[in-house]
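In: Build me a model from this:
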Amino acid sequence: MKTLGKCVAFAVLCVIGAQAVASERGPVTNLPIPRYVSLKASEGNVRRGPSLTHRIDWVFKHRDMPLRITAEHGHWRRVQDRDGAGGWVHYSLLSGTRTVIVDEDLLQIRSKPEPEASVVAQLELGVVARLGPCNETWCRVTAGGHRGWADKSKLWGVAQDELRD
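Out: This next block holds a predicted model:
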């Protein structure tokens with residue numbers, strides 16, 4: 001009987017912990033953490049810490065690249081790219097415009113969010129596309145003058161449980 005009580009208590013703590021993680025908000029913006037944004041500038045210094053006095057570890061050089069914000073401190077956001085590399089970037093270099101990176105070579109873009117719909121384009125691995133509406137399994141993307149629906153699991157820059165109108 002004691003074991004059952006401990007199991008129930010543990011399950012309750014797990015649920016409470018999961019809810020706390022799912023509802024984490026940034027202390028500066030009160031927006032969800034983590035969340036996705038894109039690089040507004042054509043270059044963005046990535047620093048070791050949240051200030052101009054911290055060393056620059058590298059420079060992001062691809063405008064519109066999607067990034068995941070994992071922390072906030074004043075005017076600084078800690079970000080990660082698709083490979084998990086990250087650091088601190090000044091918020092003025094970031095945009096709320098959503099983009100994604102194609103995570104599969106020759107990803108088929110379809111006319112409708114259905115696996116049988118006609119293919120309107122194929123996107124190469126690493127292409128950055130503008131993100132539109134998303135349902136449970138599909139997202140509308142725009143890249144290189146082509147627009148259509150892509151399998152959400154083959155995109156980086158959108159959460160798998162994220163729904164967008």
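
In: Run through the protein and note the low-pLDDT ranges.
Out: With pLDDT under 70 as the threshold, the chain has low-confidence stretches at 1-23.

In: in it, which spans are helices?
Out: 2-22 (DSSP state H).

In: burial count for the closest residue to Lys61 other than its chain neighbours?
Out: Across the structure, with CB to CB, 6 or more residues apart in numbering as the measure, the residue nearest Lys61 apart from its sequence neighbours is Glu43 (5.6 Å). Backbone N, C-alpha and C define where each C-beta goes, glycine included. Glu43 sits with 11 neighbouring residues when counted by other CB atoms under 10 Å.

In: Repeat that for Glu114.
Out: Considering only other CB under 10 Å, Glu114 is surrounded by 11 other residues.

In: ok, it - contacts?
Out: Trp149 (CB atoms under 8 Å, 6 or more residues apart in numbering).

In: same check, this time on the one 4 residues further on
Out: Contact analysis of Ser118 by CB under 8 Å, 6+ apart lists 110-111.

In: For it, give its distance to Lys112.
Out: For Ser118, the distance to Lys112 equals 8 Å [CB to CB, to the nearest Å].

In: Also Val128?
Out: Distance from Val128 to Lys112, counting by CB to CB: 23 Å.

In: what's the closest non-adjacent residue to Ala143?
Out: The shortest distance from Ala143 to any residue other than its chain neighbours is 3.7 Å, reached at Ala129 (CB to CB, 6+ apart).
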